[in-house]
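J.: Have a look; sequence and predicted model below, questions after that.
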Amino acid sequence: MKCTVAGTGYRVFGYKGKQVRDNIHSYDLVNAFHHFYTAPRVGEVYNIGGARFSCCSMLEAIDLCEKIAGKQLRWTYEESNRIGDHIWWISDIRKFKSHYPGWDLTYNVEDILAEIFAANASRW
């Protein structure tokens, strides 16, 4: 979002920009911590992220940033991917949700990017 608003360049590395990541808003993450804190389960390990509710590819993220900011992002593509980068990563939050059914994700990718834009666009 910052590069879109500020007009600075952005580089996408590999996978034709189709690599997918999930994204989690800090509110949703801290809320997960709160649920765990109020009812801890000793020795449990969880994956926490945006899961399928809040995920996108690099190309989708670029489109969303441009839509929200009303500007085009100046971006370039590097054929080689970053070392160790995955083409697809979506967190499996089913175990956490089964242990803490009162918790759920509330912010999707567009919500997150819109909030980043609203909070920062004037200073960028």
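T.: Thanks, I have the structure now.

J.: Check the closest residue to residue 24 other than its chain neighbours and give its pLDDT.
T.: With Cβ to Cβ, 6 or more residues apart in numbering as the criterion, residue 24 has its nearest non-adjacent residue at 4.6 Å, and that residue is residue 50. C-beta here means a position set from N, CA and C on the backbone, and glycine is covered the same way. The per-residue pLDDT reported for residue 50 equals 97.

J.: pretty sure residue 50 contacts residue 29?
T.: No. Contact criterion Cβ atoms under 8 Å: residue 50 and residue 29 do not qualify, at 9.6 Å.

J.: low-scoring stretches of this structure, by residue?
T.: The model of the chain has no residue with pLDDT under 70.

J.: Helices of that one, residue ranges please.
T.: 2-6, 26-38, 58-69, 94-99, 109-120 (DSSP state H).

J.: What count of nearby residues applies to residue 77?
T.: 12 (other Cβ atoms under 10 Å).

J.: May I have the beta-bridge partners of the residue nearest to residue 82 when sequence neighbours are not counted?
T.: Excluding the flanking residues, the one nearest residue 82 by Cβ to Cβ, 6+ apart is residue 13, at 4.9 Å. With DSSP bridges as the criterion, residue 13 is bridged to residue 78.

J.: What's the separation between residue 13 and residue 104?
T.: 32 Å (Cβ to Cβ, to the nearest Å).
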